[in-house]
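Visitor: Just need the structure, nothing else, for what follows:
(one chain, ligands or ions: 2)
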Amino acid sequence: MKLTNQYLLSVLDAVEKRNPNEPEFIQAVTEVFVTLQPVIEKRPDIVKSGVIERLVEPERQIIFRVPWIDDNGNVQVNRGFRVQFNSAIGPYKGGIRLHPSVNLSIIKFLGFEQTFKNSLTTLPMGGGKGGSDFDPKGKSDAEIMKFCQSFMTELYRHIGPNLDVPAGDIGVGAREVGYMFGQYKRIQNEFTGVLTGKGLTFGGSLARTQATGYGLCYYTEEMLKANGKSLKGQTVVISGSGNVAIYACEKATELGAKVVTLSDSNGYIYDKDGIDLKLVKQIKEVERKRIAEYIKYKPSAEYHEGSKGVWTVKCDIALPCATQNELDGESAKALAKNGCWCVAEGANMPSTPEAIETYFASGMLYGPAKAANAGGVATSGLEMTQNSMRLSWTFEEVDEKLKGIMKSIFKACDDYSKEYGMPGNYMAGANIAGFMKVAEAMKAQGAV
Ligand code: NDP
Ligand code: 2IT
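Guide: Ligands and ions are numbered 1, 2, ... in the order given. Presented below is the predicted three-dimensional model:
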């Protein structure tokens, strides 16, 4: 699909001029615009109320200095970000990413996409994202704590349970959320559900840790079911070996698939017998080591240098769960050539535009990130609800609600793809479904 609508082309042109050097943000906006073309043609009222121009400009962007002292007594300085993208349907909501590659473009693409994703969950959450170019790799626990405390010492004044509720993303899990929560509580003198992904002893929700990976598999299973298939008996390739990858592997295996790979930014492991997840959890969650360690304990498995190689492994289904643009056109062609017929995205924007073109050209089923990985933030929404009610649901209750949400997300993608004349194009369905609710709310609230 190409962008030919003159109005959207002119808005995109303005976005490009206003945001030079932000390739990831432009990529995310372009993808959404391409799929919104039929909506724009059908709904002149939305155009007239300036929804599109407002949607691509964050409500607020905060950039701040994060100084901290390392274990050698040296002062280190990082840059912190929080982009509060859209609050039309609820408080800003979205994760915090700690990775050396973090910059404004990456945080903006994530915050922009989060707006649509959160809308799809059916829960009242606006879109936001934050992070820092801090590199957690090789840092001691004390350094991580000092960084998180310093980060929150500035961020606390911009967030709140009814204003903006951050959570985890790359490099941020329960440990980091715990340190940030502790610092927020201390400065604000208030115990409140200001972050999600908290520890279970202080307001965290059961099943939040598993939610993104499990949700990805629930979505994938729905998509397969609608197309007369299921995960059972399929060979699955997963990239990444972090939170999303681990729990996608767990649920896919439970649903009867065989997961044969995991990866990190250095390389990938291939285990023809199916990944031993107990071993992976020990290496990644307990020891915080690299995925290459796997073959020390499982010599029959293989380790290959280079993360892109994972896409050359023969499979039925690929679940990219590492990072943006990890799967390019060439890798998508390699997948197709090896008979892969389904890609569902655990990571945010893992497929380049060329890769997505290849999925459609080769007739693959494609589950786009905004829909397929929405289970994490949906369960964060359930954590907010439990915090407000001052109670906690059982694992089974949360998991059941998550399943229901993922089913309804798939249905929305399917329904909207049909309504706008693109049956089976769940990318268009997800973007349009997510957009409609936000657009109606923005229109109703006036151009303010
Ligand atoms: P983690 O930090 O737990 O794991 C990230 C994984 O991705 C690691 O294996 C990491 O390898 C790999 N990775 C990161 N950057 C790169 C890179 N540049 N090239 C290759 N591999 C890379 O993060 P999550 O599992 O939480 O997040 C993974 C993806 O899922 C992200 O895109 C995130 O935005 C998305 N997501 C996360 C949600 C959540 O609830 N956590 C919810 C929805 C989406 P290495 O150790 O080498 O860096
Ligand atoms: O990309 C995402 O949806 C997340 N990192 C989860 C955000 C959240 O608020 O739980």
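Visitor: for the helix or strand bottoming out on mean pLDDT in the chain, which positions count as buried?
Guide: Here the helix or strand of the chain ranked lowest by mean pLDDT, DSSP states H and E is helix 44-48, holding a mean of 93. Residues of helix 44-48 classed as buried: Ile46, Val47 (neighbour count, 16 or more other C-beta atoms under 10 Å). For the C-beta atoms, the positions are set from N, CA and C on the backbone; glycine is no exception.
Visitor: which helices and strands does the helix or strand that comes right after that helix pack with?
Guide: Moving toward the C-terminus from helix 44-48, the next helix or strand (DSSP states H and E) is helix 51-55. Identification of packing neighbours for helix 51-55 by 3 or more C-beta pairs under 8 Å, 6 or more residues apart in numbering; DSSP states H and E yields helix 6-18, helix 426-444.
Visitor: Could you count how many residues lie near whatever residue of the chain ends up closest to ligand 1?
Guide: Evaluated by C-beta to the nearest ligand atom, the chain has Gly242 as its residue closest to ligand 1, separated by 1.8 Å. Using other C-beta atoms under 10 Å, Gly242 is surrounded by 24 other residues.
Visitor: Touching, it and Gly346? I think so.
Guide: No. Counting by C-beta atoms under 8 Å, Gly242 stays clear of Gly346, with 9.7 Å between them.
Visitor: between those two, what contacts are shared?
Guide: Here Gly242 and Gly346 have Cys321 as joint contacts, going by C-beta atoms under 8 Å, 6 or more residues apart in numbering.
Visitor: Do any residues in the lengthiest helix in the chain lie close to ligand 1?
Guide: The longest helix of the chain (DSSP state H) is helix 395-419. No. Judged by C-beta under 6 Å from any ligand atom, helix 395-419 stays clear of ligand 1, getting no closer than 12.0 Å.
Visitor: Kindly calculate the angle that that helix makes with helix 426-444.
Guide: 90 degrees (axes from the mean of the first three to the mean of the last three C-alpha atoms, to 10 degrees).
Visitor: Helix 395-419 - what's its average pLDDT?
Guide: Throughout helix 395-419, pLDDT has a mean value of 98.
Visitor: now for that helix, which elements pack on it?
Guide: Judged by 3+ C-beta pairs under 8 Å, 6+ apart, the packing partners of helix 395-419 are helix 208-226, helix 369-372, helix 375-389, helix 426-444.
Visitor: Just confirm Trp393 is within a strand.
Guide: No. Under DSSP: H, G, I helix; E, B strand; the rest coil, Trp393 falls outside any strand and is assigned coil.
Visitor: Next, count neighbours for the nearest residue to it once chain neighbours are set aside.
Guide: Nearest non-adjacent residue to Trp393, counting by C-beta to C-beta, 6 or more residues apart in numbering: Gln386, 6.1 Å away. Number of residues near Gln386 (other C-beta under 10 Å) recorded here: 20.
Visitor: and Gln386, what is it in contact with?
Guide: Residues counted as contacts of Gln386 (C-beta under 8 Å, 6+ apart) are Gly203, Ser205, Ser392, Trp393.
Visitor: Closest approach to ligand 2 from the stretch 1-150 of the chain, which residue is it?
Guide: Closest approach of the stretch 1-150 of the chain to ligand 2 (C-beta to the nearest ligand atom) occurs at Gly95, with a separation of 3.0 Å.
Visitor: my read: that residue touches Val172, true?
Guide: Yes. Shown here, Gly95 and Val172 form a contact pair, counting by C-beta under 8 Å, at 6.6 Å.
Visitor: For the protein, just list every one of the strands.
Guide: 60-69, 75-86, 92-98, 126-132, 164-168, 235-238, 258-263, 267-270, 302-305, 317-319, 342-344, 365-367 (DSSP state E).
Visitor: could those strands be laid out in JSON lines, adding distance to ligand 1?
Guide: Conversion of the strands of the chain to JSON lines gives the following (distance: least, C-beta to the nearest ligand atom, whole Å):
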{"stretch": "strand 60-69", "distance to ligand 1": "18"}
{"stretch": "strand 75-86", "distance to ligand 1": "14"}
{"stretch": "strand 92-98", "distance to ligand 1": "6"}
{"stretch": "strand 126-132", "distance to ligand 1": "9"}
{"stretch": "strand 164-168", "distance to ligand 1": "5"}
{"stretch": "strand 235-238", "distance to ligand 1": "10"}
{"stretch": "strand 258-263", "distance to ligand 1": "7"}
{"stretch": "strand 267-270", "distance to ligand 1": "9"}
{"stretch": "strand 302-305", "distance to ligand 1": "12"}
{"stretch": "strand 317-319", "distance to ligand 1": "11"}
{"stretch": "strand 342-344", "distance to ligand 1": "12"}
{"stretch": "strand 365-367", "distance to ligand 1": "13"}
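Visitor: So which of the helices and strands packed on helix 395-419 is nearest Ile40?
Guide: Among the helices and strands packed on helix 395-419, helix 426-444 comes nearest to Ile40, with 10.2 Å by C-beta to C-beta.
Visitor: near ligand 1, anything from the closest one?
Guide: No. Helix 426-444 does not reach ligand 1 (C-beta under 6 Å from any ligand atom); its nearest approach is 13.8 Å.
Visitor: How about that helix, which residues are buried there?
Guide: Residues of helix 426-444 classed as buried by neighbour count (16+ other C-beta under 10 Å): 426-443.
Visitor: Check what contacts the longest helix of the chain and list those residues.
Guide: 120-123, 205-208, 210-211, 214-215, 218-219, 222-223, 226, 368, 371, 374-375, 378-379, 382, 393, 423-426, 428-430, 432-433, 436.
Visitor: List buried residues within the residues you listed.
Guide: 120-123, 205-208, 210-211, 214-215, 218-219, 222-223, 368, 371, 374-375, 378-379, 382, 393, 424-426, 428-430, 432-433, 436.
Visitor: The stretch 151-300 of the chain against ligand 1: which residues are in contact?
Guide: 168-171, 212, 240-245, 264-266.
Visitor: ok, now with 5 Å
Guide: Gly168, Asp169, Ile170, Gly171, Thr212, Gly240, Ser241, Gly242, Asn243, Val244, Asp264, Ser265 (C-beta under 5 Å from any ligand atom).
Visitor: ok, those residues vs ligand 2, which is closest?
Guide: Ligand 2 lies nearest to Asp169 out of these, by C-beta to the nearest ligand atom, at 3.8 Å.
Visitor: Specify the beta-bridge partners of that closest one.
Guide: Counting by DSSP bridges, Asp169 forms beta bridges with Val172.
Visitor: How many neighbouring residues does it have?
Guide: With other C-beta under 10 Å as criterion, Asp169 counts 28.
Visitor: show me where pLDDT drops low in the protein?
Guide: Along the chain, the parts satisfying pLDDT under 70 run over 448.
Visitor: Which residue would you name as the spatial centre of it?
Guide: Central residue check for the chain by C-alpha atoms, centre = their mean: the C-alpha nearest the mean position is that of Asn348, 4.3 Å away.
Visitor: pretty sure it contacts Ala371?
Guide: No. Counting by C-beta under 8 Å, Asn348 does not reach Ala371; the two are 11.8 Å apart.
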